[in-house]
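**Student:** Below are the sequence and a predicted model for it; my questions follow.
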Amino acid sequence: MKVSFKDLGLVNTREMFAKAVKGGYAIPAFNFNNMEQLQAIIQAAAETKSPVILQVSKGARNYANQTLLRYMAQGAVEYAKELGWKKPQIVLHLDHGDSYELCKSCVDFGFSSVMIDGSALPYDENVALSRKVVNYAHKYDVTVEAELGVLAGVEDEVSSEASHYTKPEDVIDFVKKTKCDSLAISIGTSHGAYKFKPEQCTRDPKTGKLVPPPLAFDVLKAIEKKLPGFPIVLHGSSSVPQEYVDIINAHGGKLPDAIGIPEEQLRKAAKSAVCKINIDSDSRLAMTAAIRQHFDEFPGHFDPRQYLKPAREEMKKMYIHKIINVLGSNGKAR
Ligand code: G3H
Ligand code: 13P
Ligand code: ZN
């Protein structure tokens, strides 16, 4: 039986993105895999009145089950209302969909937005696959994100050896042919907590910390010029906060030279046509830092609620910080 996202109280990305591009801010797209992450995301969005995109990756579906995650998102809408958010603007989005069949099943199952990631395919195949997904999704008013250009980085389910920036000369043709609603581009971000190799970075002489190379804002600008006002998406946009890495390493973890995208660069991107910023790794780091610290401080604790509660609080703090201080989406969904 088919279910429309509209019956679940979810919204698609169309209006949200149009407002974000115009308003010079970006919508947070947070991945979720479990209840604590979802609670933290919804509490943060409800408190700040920020539109929010809940993303489900292939890894999340393998870990938690797609059916359960969808019902959790449906529950999240009711939970948001219970928290006093009168008109929650929550999108349920398939992250890195890799086939037409998967995207179709998510559309049929109540997702309000899907990504078809054909970025590793030859250009014409990417166009054909993305177009096919758009044709189906649009029948049900589900919005579609497609991708051009390749992000580097290694994740459980998303990996590539090297990045290839999006070619600005391709974007008009791609968007025209696919009719996608938003376009994920490659301008130097990548997935995971090790976004740059130390040899790509310089070292701050004062702190000894690695300083990553800047994002390719010239490429972003050229794309914006070709597609004025068209919604652009940035994947791999975790900042890998040094304080989390330090806490993890101080409490038995081992994350040498973990490095992310500096927040000031994301702030700058959010003010442009970039209207969706994907963050997953920072949530993993917040959770791990809080749990490692808790275990060190309370070796006698064995009730998961004892350590998952501070983990949830830390994630919520991090989400609120992103919404207010990086993306600027607070107050945009009253
Ligand atoms: O795009 C990658 C996301 O961080 C999801 O990763 O497949 O390991 O859940 P995952
Ligand atoms: P990060 O690994 O930088 O959090 O990126 C997540 C992402 O792009 C999900 O699609
Ligand atoms: Zn991604």
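**Tutor:** Now that the structure is in, tell me what you want to look at. Ligands and ions are numbered 1, 2, ... in the order given.
**Student:** Get me the contact residues on the protein for ligand 2.
**Tutor:** 31, 95-96, 191-192, 235-238, 278-281 (CB under 6 Å from any ligand atom). Using the backbone N, CA and C atoms, a C-beta is placed for each residue, glycine as well.
**Student:** again, only using 5 Å
**Tutor:** Proximity of the chain to ligand 2, by CB under 5 Å from any ligand atom, involves residues 95, 191, 235-236, 238, 278-281.
**Student:** Any chance of CSV for these, columns pLDDT and neighbour count?
**Tutor:** What follows is the residues of the chain next to ligand 2, written out as CSV (pLDDT from 0 to 100; neighbours: other CB atoms under 10 Å):
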residue, pLDDT, neighbour count
Asp95, 98, 25
His191, 96, 25
His235, 98, 27
Gly236, 98, 25
Ser238, 98, 27
Asn278, 98, 26
Ile279, 98, 25
Asp280, 98, 27
Ser281, 98, 24
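**Student:** now those as CSV including secondary structure?
**Tutor:** Putting those into CSV (DSSP: H, G, I helix; E, B strand; the rest coil) gives the following:
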residue, secondary structure
Asp95, strand
His191, coil
His235, coil
Gly236, coil
Ser238, coil
Asn278, strand
Ile279, strand
Asp280, coil
Ser281, helix
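**Student:** What segments of the stretch 201-334 of the chain are strands?
**Tutor:** 202-203, 210-211, 232-234, 274-279 (DSSP state E, counting those that start in this stretch).
**Student:** do the longest one and ligand 1 meet at all?
**Tutor:** Looking back up the chat, that one is strand 274-279. No: applying CB under 5 Å from any ligand atom, one finds strand 274-279 separated from ligand 1 by no less than 6.8 Å.
**Student:** Quick one: residues in contact with that strand.
**Tutor:** With contact meaning CB atoms under 8 Å, 6 or more residues apart in numbering, strand 274-279 is reached by 13, 16-17, 20-21, 25-31, 53, 55, 95, 145, 182, 220, 231-238, 266, 269-270, 322, 326-327.
**Student:** Out of the strands of the stretch 201-334 of the chain, which is the most enclosed?
**Tutor:** Of the strands of the stretch 201-334 of the chain, the one with the most neighbours on average (mean count of other CB atoms under 10 Å) is strand 274-279, at a mean of 27.
**Student:** With only the CA atoms kept, save that strand in PDB.
**Tutor:** Presented in PDB, the C-alpha positions along strand 274-279 are these (Å, rounded to 0.1, in the frame of the first residue of the first chain):
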ATOM      1  CA  VAL A 274      23.700  26.500  -0.900                       C
ATOM      2  CA  CYS A 275      20.400  25.800   0.900                       C
ATOM      3  CA  LYS A 276      21.000  22.300   2.300                       C
ATOM      4  CA  ILE A 277      24.000  21.400   4.400                       C
ATOM      5  CA  ASN A 278      24.600  17.700   5.300                       C
ATOM      6  CA  ILE A 279      25.900  16.900   8.800                       C
END
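**Student:** Tell me the strands beside it, with direction?
**Tutor:** Sheet partners assigned to strand 274-279 using DSSP bridges are listed as strand 27-31 (parallel), strand 232-234 (parallel).
**Student:** Now do the first one, average pLDDT.
**Tutor:** pLDDT averaged over strand 27-31 equals 99, rounded to a whole number.
**Student:** The following helix or strand past that strand to strand 27-31, inter-axis angle?
**Tutor:** Once the chain leaves strand 27-31, the next helix or strand it forms, by DSSP states H and E, is helix 35-48. If you take axes from the mean of the first three to the mean of the last three CA atoms, to 10 degrees, helix 35-48 sits at 170 degrees to strand 27-31.
**Student:** For the helix or strand following helix 35-48, give me every contacting residue.
**Tutor:** With elements assigned by DSSP H and E, the helix or strand that comes after helix 35-48 is strand 52-56. Contact partners of strand 52-56, identified using CB under 8 Å, 6+ apart, comprise 13, 27-32, 38, 41-42, 44-45, 66, 69-70, 73, 76, 89-95, 111, 113, 276, 278, 280, 333.
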